[in-house]
Every structure is written in structure tokens, then in C-alpha cells.
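In: Just the structure for this:
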Amino acid sequence: MSEDTNTTTSPTPESAASVPSSEAAPESMPATGGGCPTPLAWKQVRTEFLNQSEEFSFTESGLTISGRVLGEGPPLYFLNGISASPALFCLTVWLLRDEFRCVILDYPSKARNLDQLAQTLELTATQFGDDQFDLYATSFGTAVALHAMQNIPQRIQHAVLQGPLTSMKFSMAERLALAALGWLPGQIGRLPLRRAVLQNNHSRWFPPFDITRWQFLMAETGNVATRDVARRVKMLKGLDLTDQVSAIDIPTLVISSEGEGARHRESAAVLASKLPNARAEEISNTGHVPFVTHPHRLAKLVRQFLHPELHAESCNTSAATPPA
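Out: Prediction:
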């Protein structure tokens, strides 16, 4: 799986004292030229995201549900990959915080299937008093989102599914690796080949002006227990929503990217053709984690889909050197 899952212990972010919480974090680093938005200074944005967002945790139906909230406006819920943390969305959330109240969920470790994970959306929305909400999901999170779109369609107004998964068939090698993964202690970031696999799948799509952003991905996806990751991967065993998605009528934006693996691209094609109320977009010159590598482009797509009356320009204009 080309999942945005993994890595080592998190490097110490820039001290909160380096960017006082009473001051707004810089929106960008110095401009690099052209007509592109200037790149976000991720370390400072991450620090301010952690300072300004509200952390929440509650227990309901046997599940301890936690996450972070930042922003003002209609609720936009985020579902991440196998082992991503809420902070991994900080660059995109920072750009959306003035238009949406962004609610980023962690996955409860005691959840045993995709339906239980989908239930956390409903429980959290009820906890926050949100009768309805919009939804953004990436990779593994899209499988959770599709179950929620089937189970509680009345609660979800719009969905943005990026790098989706609608079906999963494990090879023999993958099944053996998964069986071994479930017995390994410690965190997923300690796996010996993890860095090499992620680097091969993702590193070429990272902005050359800031090599530390790659370290950000590695750090924020490596602090989940290996057994929890194995449990979530097992939830995908036998997944096949190909014939079920045609019954989902929720307006949906399906986002794929040039650097995604075959499973994600095939799933995006299935959703684009079978969802009755879908629109498809592809982000060129990007990989599987545009919320880290190209947050301006992703935020633009999200804004224009959810608030078309405010953002009428073209959703994804091409550029020789895409903005970060």
C-alpha cells in the first residue's frame, strides 16, 4: 500500500517561544518568484496550530475519541491515513481556518472495524452539536468516509475524497507482512524498511525549497503503535465497495494525483464513474500527500467545492512549476 503512514519519533518542533502564541504565525516563507503563493513555513505553522487549536477527548460507546479543532465557520471534519496525526493536516487547516471550523479526528485504538471508525464521526458531530457537516478524507480515511456516507448520509452535506480506496486485495507477501506486523512491539516508525519505502513512494513530490518538510511527514506518521496500524490495515481485508457506491448521493469531490499508486487511481476512477453526484479533479505534479506538499492547491480545491459561490475561478489551473 502506498499509504501515508509512518516513521520515527517526532523531531522537536520549533519552540513555542520562538513564535509567541499571541502573534499570528507567518503565512509563508520568502517568495520564490512567479505568480505562485509563497510556501508555508511549516515549523511555525505547526507550532501555532498546536497552540491555537483546541484538543478534545471523550468516551462514548466504548470508544475514546480525540482530536483537535481549529477555525471558525461551518464544520469540516478530517479523516487521515493509517497512522497520520492531526498535526499532519496543519498546513491545509491553517489555510482553511478562516472559512471552516476544522475538526481533525484521531482513530480510537479500540475500534475493530470500519463501521466503528465511521461511528466516531457521528459521535463527534453529536458531541459538538453539528447536525450536519462536510467531510474531507484521505487514503485509508476514505474507506472510513464511504462507510459513514452509507450509514449516516443525512449528517454529511458534502465529501472530499482524496487518494481514495474502494477495494483492497492483499497479495500473499502483503498478508505475510501484515501477520508479522501485528506481533511487533513499539511504534511504526521503528520498522527498518519503512523509511526506504516511504522515500521511494513519496519523496520526489516534496517541494525542493524545503527538504525538512519530508522530515515532517516522517515524524508525524511514525508515532502510532505498530499493532494499531496492523489492526487498521486488517480492516481493509475484503474491502470492496464497487457495487455499493452508486447508492451514495452525497455531493462528492474525488481528488487524485499524478504520483498516487495504482490502487488509489483505480478507486478514484470507480468513484468518478459510479457516484451519482461526483466531480473528479486531478492535481498534477503532486504525490499522495498534497495536504503536506501542496496545501495551497488542495485548499483551493476544497474551498471552491464547498463554497462555489465565493470561489468561482477554475479549481485546478495547471502551472509549469506548481505552487506549494
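In: right, and Pro251 touches His158 too?
Out: Yes: taking C-beta atoms under 8 Å as the definition, Pro251 is a contact partner of His158 at 4.9 Å. (C-beta placed from N, C-alpha, C; glycine too.)
In: For the helix or strand where Val45 lies, buried residues please.
Out: Using DSSP states H and E, Val45 maps to helix 42-52. For helix 42-52, burial by neighbour count (16 or more other C-beta atoms under 10 Å) applies to 42-50.
In: Check which helices and strands it is in contact with.
Out: On a contact count with 3 or more C-beta pairs under 8 Å, 6 or more residues apart in numbering; DSSP states H and E, helix 42-52 meets strand 63-70, helix 90-96, helix 212-220.
In: That helix to helix 212-220, inter-axis angle?
Out: 40 degrees (axes from the mean of the first three to the mean of the last three C-alpha atoms, to 10 degrees).
In: then helix 42-52 to CSV, C-alphas only?
Out: Presented in CSV, the C-alpha positions along helix 42-52 are these (Å, rounded to 0.1, in the frame of the first residue of the first chain):
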residue,chain,number,x,y,z
TRP,A,42,5.6,24.5,8.3
LYS,A,43,7.5,24.6,11.6
GLN,A,44,6.0,27.8,12.7
VAL,A,45,2.5,26.9,11.4
ARG,A,46,2.7,23.6,13.2
THR,A,47,3.7,25.4,16.4
GLU,A,48,0.8,27.8,16.1
PHE,A,49,-1.6,25.0,15.1
LEU,A,50,-0.8,23.2,18.3
ASN,A,51,-1.0,26.5,20.3
GLN,A,52,-4.3,27.7,18.9
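In: Let me see the contact set for Leu79.
Out: 105, 121, 135-138, 141-142, 144-145 (C-beta atoms under 8 Å, 6 or more residues apart in numbering).
In: Nearest to Leu76 among the residues you listed?
Out: Nearest to Leu76, judged by C-beta to C-beta, of these is Tyr136 at 6.2 Å.
In: If the nearest residue to that closest one once chain neighbours are set aside is in a bridge, with which residues?
Out: What sits nearest to Tyr136 in space, not counting adjacent residues and going by C-beta to C-beta, 6 or more residues apart in numbering, is Val160, at 4.5 Å. Per DSSP bridges, residues listed as beta-bridge partners of Val160: Tyr136, Leu253.
In: got a list of what Val160 touches?
Out: For Val160, the contacting residues are 134-137, 252-253, 255, 301-302, 305-306, by C-beta under 8 Å, 6+ apart.
In: Most neighbours among those, which one is it?
Out: Neighbour counts for the contacts of Val160 (other C-beta atoms under 10 Å) peak at Tyr136, which has 31 neighbours.
In: Do I have it right that Ile156 meets Pro251?
Out: No: Ile156 is beyond contact range of Pro251, at 9.5 Å (criterion: C-beta under 8 Å).
In: And these two? Which one has more around it.
Out: Ile156 (23 against 17).
In: how far away is that one from Ser85?
Out: 23 Å (C-beta to C-beta, to the nearest Å).
In: next one: Gly129
Out: Here the criterion is C-beta to C-beta. By it, Gly129 lies 25 Å from Ser85.
In: Tell me which of those two has more neighbours.
Out: Counted by other C-beta under 10 Å, Gly129 and Ser85 do not tie: Ser85 has more neighbours, with 20 against 7.
In: Spatially nearest residue to that one, not counting backbone neighbours?
Out: Leaving aside its chain neighbours, Ser85 sits nearest to Glu220 (4.8 Å; criterion: C-beta to C-beta, 6+ apart).
In: Export the helix or strand bottoming out on mean pLDDT in the chain to PDB, keeping only CA atoms.
Out: One helix or strand of the chain scores below all others by mean pLDDT, DSSP states H and E: helix 172-181, with a mean of 71. Listed next in PDB are the C-alpha coordinates belonging to helix 172-181 (Å, rounded to 0.1, in the frame of the first residue of the first chain):
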ATOM      1  CA  MET A 172       0.500 -13.300  -0.400                       C
ATOM      2  CA  ALA A 173       3.500 -11.200   0.500                       C
ATOM      3  CA  GLU A 174       1.300  -8.500   1.900                       C
ATOM      4  CA  ARG A 175      -0.700 -11.000   4.000                       C
ATOM      5  CA  LEU A 176       2.500 -12.400   5.500                       C
ATOM      6  CA  ALA A 177       3.900  -9.000   6.200                       C
ATOM      7  CA  LEU A 178       0.600  -8.000   7.900                       C
ATOM      8  CA  ALA A 179       0.700 -11.100  10.100                       C
ATOM      9  CA  ALA A 180       4.200 -10.300  11.200                       C
ATOM     10  CA  LEU A 181       3.300  -6.600  11.800                       C
END
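In: Which helix or strand lies directly C-terminal to that helix?
Out: Following helix 172-181 in sequence order, the next helix or strand is helix 194-202 (DSSP H and E).
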